[in-house]
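Undergrad: Give me coordinates for this.
(chains A, B, C and D)
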2 protein chains.
Amino acid sequence: MVTVGAMALGKDYATQECSIARALEIVGERWTLLVVRDALYGVRRYNDFLVHLGIPRAVLAARLQTLTAEGILEKRRYQQSPPRDEYVITERGIALWPTLRSLGRWGREHFAEEPVRVFRHADCGTELGPYGECPACGTVVPVADVVMEPGPGLSPDPADPVSRALLAPKRLLEPIETGQV
Amino acid sequence: MVTVGAMALGKDYATQECSIARALEIVGERWTLLVVRDALYGVRRYNDFLVHLGIPRAVLAARLQTLTAEGILEKRRYQQSPPRDEYVITERGIALWPTLRSLGRWGREHFAEEPVRVFRHADCGTELGPYGECPACGTVVPVADVVMEPGPGLSPDPADPVSRALLAPKRLLEPIETGQV
DNA sequence: CACTGAAGGTTCGTTCATTGAACCTATGGG
DNA sequence: CCCATAGGTTCAATGAACGAACCTTCAGTG
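TA: As a prediction, this is how the structure comes out:
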């Protein structure tokens, strides 16, 4: 009995006529935005989400369900036998990048010491400015042209393979290589 | 027995080295971002949050506690007898505006028919662009210079006094007048 | 003086969601 | 045949949210 669609939260934000509230009904549940973040970082497989997030399996399954139903992720078979699916972020999910980027920036500026991840414009290597723009080029950088690399605040030897894969600079959206194919 | 400070969520996002996760530990709980949104809209009083959000009283009290402890709201006495406090948004809370604006934009673009609220640059009346900038002036508009007005998707005759007060155009941060002083 | 009402809460029983451990199903490899 | 991997489901225990009721302080009114 999995609830999908309109009722993302047990009780929705009923009285709210507000697109922020609408958005939060869909991505406001616990873990959901972290799943989307990982999907932007290139995580696609159930087990990779699992080990990277440390999320309970049942909750992950529910979130992937909801995100797929809302068109934020797309479930796609990547091998036939045994049948295996991966979850790939859609345009609608990619459109959450400005929100996640600014939320992360807020967290870093107000509650973290050092940056954990640094985002650069792939074309010129310049670090992104406060609004997701490239200060050198003067344009807002599309997600696919963002390179993510570890910052000084990141621990050098993480336990899970996904975190290890994210130690190397990589473009957003590009699938991660956990090296266990 | 109210928990404050470091443990905003029952179990925090423990394994996450990520400023997005840090941010979500603080503002990721149910209702929290809607309280911040209301504070940006100029809501300051317990009862105004209560009727506008339709939030359970105990939950509102807990969220105001946490947000105050994290320096996002500031509790301030506005009359002595009987003692009455209001919750005013701080710089740290105002810094969440880009996140909330982009989240609201995402919600509207993907899940709403018509805009519920429209944001304009107070100086020139131009509607804000996708990144919170004024397309006419070419600058990012500070929160205090944003005027909010109802859009076509807003119901014309809301029940609660806060929603009624928000029917008129007003600047963000400016305290709302519920007309019941 | 007694009453009423507003503001800003607290308390409490019920319901709902999250958690973590255990289990299940295909399949492929040694 | 046995084990490992990927991707789940099930279940009991815990914790958070809900909503109704209650509480306190004071101002205003008759």
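Undergrad: Nearest the geometric middle of chain A, what residue?
TA: Nearest residue to the geometric centre of chain A (Cα atoms, centre = their mean): A:R37, 1.3 Å.
Undergrad: Quick check: A:P158 vs A:R101, distance?
TA: A:P158 sits at a distance of 22 Å from A:R101 (criterion: Cβ to Cβ, to the nearest Å). Every C-beta, even on glycine, is put in place using the N, C-alpha and C of the backbone.
Undergrad: and these two? which has more neighbours close in?
TA: Ranked by neighbour count (other Cβ atoms under 10 Å in any protein chain shown), A:P158 and A:R101 place A:R101 first, with 23 against 17.
Undergrad: I'd like to know which elements the helix or strand encompassing that one is packed against.
TA: Here A:R101, judged by DSSP states H and E, is contained in helix A:97-111. With contacts defined as 3 or more Cβ pairs under 8 Å, 6 or more residues apart in numbering or on different chains; DSSP states H and E, the packing partners of helix A:97-111 are helix A:32-41, helix B:19-27, helix B:97-111.
Undergrad: and those as a markdown table, adding distance to A:R57 and mean pLDDT?
TA: A markdown table is the format used below for the helices and strands packed on helix A:97-111 (distance: least, Cβ to Cβ, whole Å; pLDDT from 0 to 100):
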| stretch | distance to A:R57 | mean pLDDT |
| --- | --- | --- |
| helix A:32-41 | 13 | 98 |
| helix B:19-27 | 19 | 96 |
| helix B:97-111 | 28 | 97 |
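Undergrad: Export those to JSON lines and append columns for distance to A:P115.
TA: What follows is the helices and strands packed on helix A:97-111, written out as JSON lines (distance: least, Cβ to Cβ, whole Å):
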{"stretch": "helix A:32-41", "distance to A:P115": "15"}
{"stretch": "helix B:19-27", "distance to A:P115": "7"}
{"stretch": "helix B:97-111", "distance to A:P115": "17"}
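Undergrad: between these, which one is nearest to A:I94?
TA: Each of the helices and strands packed on helix A:97-111 was scored for nearness to A:I94 using Cβ to Cβ, and the closest is helix A:32-41 (7.0 Å).
Undergrad: Show me which residues of chain A sit near DNA strand D.
TA: Taking Cβ under 7 Å from any atom of the strand as the measure of proximity, chain A contacts DNA strand D at A:10-11, A:45-48, A:57-58, A:61, A:64, A:82, A:84-86, A:180.
Undergrad: May I see the PyMOL selection of the buried members of those residues?
TA: To isolate the buried ones among these in PyMOL, judged by 16 or more other Cβ atoms under 10 Å in any protein chain shown, type:
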select buried, chain A and resi 45+46+48+64+85+86
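Undergrad: Just confirm yes or no for stretch A:123-139 near chain B.
TA: Yes - counting by Cβ under 8 Å from any Cβ of the partner chain, chain B is contacted by stretch A:123-139 at A:130-133.
Undergrad: TSV please, covering the helices and strands packed on helix A:97-111 and showing distance to DNA strand C.
TA: Output for the helices and strands packed on helix A:97-111, formatted as TSV (distance: least, Cβ to the nearest atom of the strand, whole Å):
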stretch	distance to DNA strand C
helix A:32-41	8
helix B:19-27	11
helix B:97-111	18
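Undergrad: would you list every one of the helices in chain A?
TA: A:19-27, A:32-41, A:46-53, A:57-69, A:91-94, A:97-111, A:161-165 (DSSP state H).
Undergrad: Touching, A:D48 and A:E177? I think so.
TA: No - applying Cβ atoms under 8 Å, one finds A:D48 not in contact with A:E177, separated by 10.4 Å.
Undergrad: What residues sit buried inside stretch A:51-71?
TA: Neighbour-count burial for stretch A:51-71 flags A:51-53, A:55, A:60, A:62-64, A:66-70 (criterion: 16+ other Cβ under 10 Å).
Undergrad: Likewise for stretch A:91-106?
TA: Result for stretch A:91-106 [16+ other Cβ under 10 Å]: buried residues A:92-106.
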